[in-house]
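K.L.:
this is a predicted model, with the sequence first.
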Amino acid sequence: MAIDIQMPALSPTMEEGTLAKWMVKEGDTVRSGDILAEIETDKATMEVEAVDEGTIGKLLVADGAEGVKVGTVIAQLLEDGESADDLASPATSEPADRGQIKADDQGDDKPGSAGPAHPENNADDGTVEKAPAGKAVANDPDIPTNIKMISTTVRDSLRDAMAEEMRRDPTVFVMGEEVAEYQGAYKVTRELLQEFGAKRVIDTPITEHGFAGIGVGAAFGGLKPIVEFMTWNFAMQAIDHIINSAAKTLYMSGGQMRCPIVFRGPNGAASRVGAQHSQDYSSWYAHVPGLKVVAPYDAADAKGLLKAAIRDPNPVVFLEHELMYGESFDVPDMDDFIIPIGKAKVRREGKDVTITAQSRMVKFALEAAEILAEEGIDAEVIDMRTLRPLDTDTVIKSVKKTNRIVCAEEGWGQHGIGAEIAARVVAEAFDYLDAPPMRVHQKDVPLPYAANLEALSLPGTEDVVKAARAVCYK
Amino acid sequence: MATKTPKKSTKKSSAAPKKAASRTTDKDELLGYYRDMLLIRRFEERAGQLYGMGQIAGFCHLYIGQEAVVTGCKAAMKDGDQMITGYRDHGHMLALDMDPKGVMAELTGRATGYSKGKGGSMHMFSTEKKFYGGHGIVGAQVPIGAGLAFANQYLENKAVSLAFFGDGASNQGQVYEAFNMAKLWNLPVIFVIENNQYAMGTSVQRASAETELFKRGISFEIEGKLVDGMDVLAVRDAAAEAIEHARSGKGPMILEMKTYRYRGHSMSDPAKYRSRDEVTKARDETDPIDAVKKRILTEKWASEDDLKEIDKAIKATVKDSADFAIESPEPDPSELWTDVLIEVD
């Protein structure tokens, strides 16, 4: 029986890739461990090794084929005594389990099978589609209406923001694990080393506590560090320096000591990486005076807010989302596109219910709004963008119009961002409320690994829809 | 259980203190150290007194006994070099010529203090005098000090940073993370371990598997030296050598200053973990100020009366600072809301 070789998932979040090059041809005999092909993801080029022995029967995908979905059969391997004529059409859409990653240029260090984190939210079974951008960008004062837009991934917009600020200010540098020679664990710092050199793009040992402290010291010493954490989960090792050293020193010094530093990296749940690698730290940092906390959704905000964060004289915690890195959005083609920290953005105007969200939850909020619209509920979606300072005014103004609010976040509910927004709405717009505020958040458990449990734990579009219906009493 | 094999010092780390009396100095230099150390001692004695009177509150860690360490290090520093330390920081600020009035007023929580009364004993800074704190979390100042050195190297300003920490902090994980990166990148930083022999109430022997702390950099290829921290000239020479080493691009060095604090860990520490005799012995036999005084008198660089005049002047300075600190107003209530963030237009 011929063995199907499938397009492998080379990272937890990979859904498709480019088959860059076959390293074997039909008729070749391969043994376990032989390199079959090179595959490009949006993060890296990797080699796929043979697991089974046999003869290459058919190559089903050509060199250079783009957008090959994970699980697609890309070749068939003949076992002893078989010939290419025996081959039947391959089965499709099986989970990838034949290819293995050669640890040559891994996209990140967390092997695992791919798949959407929220299967229930992906109507088209995991294909990457353009994320919803909302219908009301015209109200954004930050983007001139006559400007040309360029479709850019969140990943590249973050990189562009750093590159632009590094060109502008020689005291800006980036340090972190794998940011330089490896080109970034998630390729956010791709090509910065080539442009700016090893003095300004610095690989650190895996010692978050130490390099966060060195970053703070460098900021005290007159530089503008960008400290990348491979994920915010690892920054718990460094949280003392973020809070005790970076956030509090201006106050404790009576205004003398400045700490212009950006701590950035992916925050929140990735995909099937388990509890220790999947946590939303929004409310942790948003709790602390002396910090600014930013959690952008789309590529334009990611760029404009990161540039603002780098220029800010204060310590800024910049929470990205791994599952958004590969998504593309329009980014204005401007020389110096800055979005001020501290302003929320109404992404969709509506009159019946206000939905607040930040980071990846904005996507679900916008999807929910579309579903609600079909049911006759006109939802207003506010992308908070900055969590500290929190733009209460925009929320209150909206609630005074809609009289209802749902606060959505990816993290746990207790003491969460939604709890804070709800409290402020109750305090400042109590008389306008026609229903108690509702919160949408992760279930109150560490994030499970199993696909079904993970999906049950994380909030998604349907949760937002249900909450919105509830506050509308529908 | 097998007997522990005594470890040999490697060439990377050495313990060979010279005899103090033979070190080169002159009248002006030594009288200067005498003044500087005496200012710290009298200041700290007064701070202890004000604490007892309720004028100073919270935590207050006195530097009495350790004066030679910071005074000798300061002597070896050049303009632009920086200092950072933990919470036993009053001596460092005085050594860097920060105004005793501003320091004392911060201790009493007044508007005229270096941090407008918002920092307190453990959190004071002077960017002008290159003093970067004043840090309350044990060991945090070590990577921050390496970060100052990182900035110096980046800016190519030839400055060296001196990061002071105690024997207790020397067991902190982040210290070794900082050691590693400091040597990896050859940062111009000196790690000054003020080994006063007690981490709060726990002696070095009870807390540290390797009690010779100058060896703590061996696995990072950082040279370490054991220095008599009660001898200001020995400190000066060791610091000068280390600073030169760092300034010339050779990277960090570790100096273990063997010293002793006479007072408790903080004002609220009854110091029951050591005997009265032990403290008395250290005071009587190794006091850093007495040693300098003795040499001044032996060399006839000053008379007993001259030294009494100096003492009197210092007492007056300290009294002025205490009066200033008590008479100064508390911060205006509006200060509660300032300095949280730098305003951006």
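P.N.:
In hand now; what should we look at?

K.L.:
check which element follows the longest helix seen in chain B along the chain.
P.N.:
As assigned by DSSP state H, the longest helix anywhere in chain B is helix B:27-52. Sequence order places helix B:67-76 as the next helix or strand after helix B:27-52, per DSSP states H and E.

K.L.:
partners of the next helix or strand after that following helix in the sheet?
P.N.:
With elements assigned by DSSP H and E, the helix or strand that comes after helix B:67-76 is strand B:82-85. Here strand B:82-85 has these sheet partners by DSSP bridges: strand B:131-134 (parallel), strand B:161-166 (parallel).

K.L.:
redo the ones you listed as JSON lines? Include mean neighbour count, distance to A:L291 and mean pLDDT.
P.N.:
Glycine gets a C-beta too; all of them are placed from N, C-alpha and C. Shown next, in JSON lines, are the strands paired with strand B:82-85 (neighbours: other C-beta atoms under 10 Å in any protein chain shown; distance: least, C-beta to C-beta, whole Å; pLDDT from 0 to 100):
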{"stretch": "strand B:131-134", "mean neighbour count": "28", "distance to A:L291": "18", "mean pLDDT": "96"}
{"stretch": "strand B:161-166", "mean neighbour count": "29", "distance to A:L291": "25", "mean pLDDT": "98"}
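
K.L.:
make a markdown table from those and add distance to B:R206 to it.
P.N.:
Listed next are the strands paired with strand B:82-85 as a markdown table, based on distance: least, C-beta to C-beta, whole Å:
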| stretch | distance to B:R206 |
| --- | --- |
| strand B:131-134 | 28 |
| strand B:161-166 | 15 |
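
K.L.:
before we move on, the earlier item: buried residues in the longest helix of chain B?
P.N.:
Of the residues in helix B:27-52, B:30-31, B:33-44, B:46-48, B:50-51 count as buried by neighbour count, 16 or more other C-beta atoms under 10 Å in any protein chain shown.

K.L.:
for stretch A:170-182, same thing?
P.N.:
Buried-residue list, stretch A:170-182, by 16+ other C-beta under 10 Å: A:T171, A:V172, A:F173, A:V174, A:M175, A:G176, A:E177, A:E178, A:V179, A:A180, A:Y182.

K.L.:
out of the residues you listed, which are close to chain B?
P.N.:
A:T171, A:F173 (C-beta under 8 Å from any C-beta of the partner chain).

K.L.:
tell me which of the buried residues of stretch A:170-182 fall in helices.
P.N.:
Among the buried residues of stretch A:170-182, no member falls in helices (DSSP H).

K.L.:
what about the residue of the stretch 51-200 of chain B found nearest chain A, how many neighbours?
P.N.:
Using C-beta to the nearest C-beta, B:G147 is the residue of the stretch 51-200 of chain B that sits closest to chain A, at 1.9 Å. Burial of B:G147 is recorded as 36 neighbouring residues (other C-beta atoms under 10 Å in any protein chain shown).

K.L.:
A:V445 now?
P.N.:
Per other C-beta under 10 Å, the neighbour tally for A:V445 reads 11.

K.L.:
so which of the strands paired with strand B:82-85 is nearest A:Q6?
P.N.:
strand B:161-166 (54.4 Å; C-beta to C-beta).

K.L.:
need the residue closest to the centroid of the chain.
P.N.:
Defaulting to chain A. Nearest to the geometric centre of chain A sits A:H321, at 2.2 Å (C-alpha atoms, centre = their mean).

K.L.:
that's the wrong chain, I meant chain B
P.N.:
B:V70 (4.5 Å).

K.L.:
tell me who's in contact with the closest residue to that one other than its chain neighbours.
P.N.:
Here the nearest residue to B:V70 in space, its sequence neighbours aside, is B:A95; by C-beta to C-beta, 6 or more residues apart in numbering or on different chains that works out to 4.4 Å. By C-beta atoms under 8 Å, 6 or more residues apart in numbering or on different chains, the contact set of B:A95 is B:D36, B:I40, B:V70, B:T71, B:C73, B:K74, B:M83.

K.L.:
list of residues touching the helix or strand encompassing A:T394?
P.N.:
According to DSSP H and E, A:T394 maps onto helix A:392-402. If you take C-beta under 8 Å, 6+ apart as the criterion, helix A:392-402 is touched by A:343-344, A:346, A:350-354, A:356, A:380, A:382, A:405, A:421, A:424-425, A:428-429, A:432-433.

K.L.:
tell me where the stretch 351-474 of chain A has strands.
P.N.:
Listed in chain order, the strands of the stretch 351-474 of chain A (DSSP state E, counting those that start in this stretch) span A:353-357, A:379-383, A:386-388, A:405-412, A:438-442.

K.L.:
and the shortest one, what does it pack onto?
P.N.:
In this case it means strand A:386-388. helix A:282-286, strand A:292-294 (3 or more C-beta pairs under 8 Å, 6 or more residues apart in numbering or on different chains; DSSP states H and E).

K.L.:
now swap in the second one and tell me
P.N.:
Using 3+ C-beta pairs under 8 Å, 6+ apart as the contact test, the elements touching strand A:379-383 are strand A:345-348, strand A:353-357, helix A:361-374, helix A:392-402.

K.L.:
any chance of the ones you listed in CSV with mean neighbour count and mean pLDDT as columns?
P.N.:
Below are the helices and strands packed on strand A:379-383 laid out as CSV (neighbours: other C-beta atoms under 10 Å in any protein chain shown; pLDDT from 0 to 100):
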stretch, mean neighbour count, mean pLDDT
strand A:345-348, 24, 97
strand A:353-357, 31, 98
helix A:361-374, 23, 98
helix A:392-402, 19, 98
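
K.L.:
which one of the ones you listed lies closest to A:Q276?
P.N.:
Judged by C-beta to C-beta, the one of the helices and strands packed on strand A:379-383 that comes nearest to A:Q276 is helix A:361-374, at 21.5 Å.

K.L.:
got the contact list for the closest one?
P.N.:
A:118, A:121, A:131-134, A:297-298, A:324, A:347-348, A:350, A:352-353, A:355-357, A:378-379, A:381, A:383, A:408-410, A:440, A:459-465, A:468-469.

K.L.:
how close does A:Q256 get to B:Y132?
P.N.:
A:Q256 is 10 Å from B:Y132, where distance means C-beta to C-beta, to the nearest Å.

K.L.:
shared neighbours, those two?
P.N.:
Residues touching both A:Q256 and B:Y132 (C-beta under 8 Å, 6+ apart) are B:F125.

K.L.:
give me the contact list for whatever helix or strand B:I190 lives in.
P.N.:
Per DSSP H and E: B:I190 is located in strand B:189-195. Applying C-beta under 8 Å, 6+ apart, the external contacts of strand B:189-195 come out as B:66, B:69, B:73, B:88, B:142, B:145-146, B:148-149, B:160-167, B:170, B:175, B:179, B:182, B:204, B:213-214, B:216-217, B:222, B:229, B:239, B:242-243, B:246, B:252-259.

K.L.:
looking at those residues, which are in helices?
P.N.:
Those of the contacts of strand B:189-195 lying in helices (DSSP H): B:69, B:73, B:142, B:145-146, B:148-149, B:175, B:179, B:182, B:204, B:239, B:242-243.

K.L.:
and A:L78, its phi and psi?
P.N.:
phi -90, psi 140 (degrees, to the nearest 10).

K.L.:
quick one: residues contacting the closest residue to chain B within the stretch 251-400 of chain A.
P.N.:
Proximity of the stretch 251-400 of chain A to chain B (C-beta to the nearest C-beta) peaks at A:G254, 3.5 Å away. Applying C-beta under 8 Å, 6+ apart to A:G254 gives the contacts B:G113, B:Y114, B:S115, B:K116, B:G117, B:K118, B:G119, B:D339.

K.L.:
ok, of these, which one's closest to B:S275?
P.N.:
B:G119 (35.1 Å).

K.L.:
A:V317 versus the residue nearest to B:V70, what's the distance?
P.N.:
In this view, B:A95 and A:V317 are 36 Å apart by C-beta to C-beta.
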